[in-house]
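Colleague: This is the structure alone, sequence omitted:
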């Protein structure tokens, strides 16, 4: 599963005219219509905060478990056009990068 998120290899859904949604920007590059996933930059920042706290003497058991609060949605406009799918304006306004 870990390899699937870093280097997806799949049959482009557009070949069969099926809109598909996945997680991770690489999937959009592979032809999926859109992706929705957590903001990895936020996760890296939180990881750095944990390291900092541990270096200051906190024990890992004392640190709270925090869930992501920021998410990224990427829309593949070329795939949408090829499939004849109309993406609502409200969705496009919420999308982060569009490809």
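Modeller: Good, I have the coordinates. No experiment lies behind these values; they were computed from the predicted model shown.

Colleague: looking at this, residue 45 is in a strand?
Modeller: No - using DSSP: H, G, I helix; E, B strand; the rest coil, the assignment for residue 45 is helix, not a strand.

Colleague: Which is the succeeding secondary structure element to the helix or strand bottoming out on mean pLDDT in the chain?
Modeller: Ranking every helix and strand in the chain by mean pLDDT, DSSP states H and E puts helix 2-6 at the bottom, with a mean of 46. Proceeding N to C from helix 2-6, the next assigned helix or strand is strand 21-22, under DSSP states H and E.

Colleague: For that following strand, name the packing helices and strands.
Modeller: On a contact count with 3 or more Cβ pairs under 8 Å, 6 or more residues apart in numbering; DSSP states H and E, strand 21-22 meets strand 34-38. Glycine gets a C-beta too; all of them are placed from N, C-alpha and C.

Colleague: For residue 31, the count of nearby residues, please.
Modeller: As a burial measure, residue 31 scores 18 neighbours (other Cβ atoms under 10 Å).

Colleague: wouldn't it be in contact with residue 79 here?
Modeller: Yes - counting by Cβ atoms under 8 Å, residue 79 is a contact partner of residue 31 at 5.8 Å.

Colleague: So what does residue 70 look like in phi/psi?
Modeller: phi -110, psi 140 (degrees, to the nearest 10).

Colleague: Against residue 38, how distant is residue 83?
Modeller: Per Cβ to Cβ, to the nearest Å, residue 83 is found 26 Å from residue 38.

Colleague: Let me know the helix or strand that residue 50 is in.
Modeller: Applying DSSP H and E as the criterion places residue 50 in helix 40-55.

Colleague: buried ones in the helix or strand that that helix is followed by?
Modeller: With elements assigned by DSSP H and E, the helix or strand that comes after helix 40-55 is strand 71-75. Across strand 71-75, burial judged by 16 or more other Cβ atoms under 10 Å covers 72, 73, 74, 75.

Colleague: Equivalent analysis for stretch 52-68, please.
Modeller: Result for stretch 52-68 [16+ other Cβ under 10 Å]: no buried residues.

Colleague: Now do that stretch, average pLDDT.
Modeller: The pLDDT scores in stretch 52-68 average 93.

Colleague: Lovely, talk soon.
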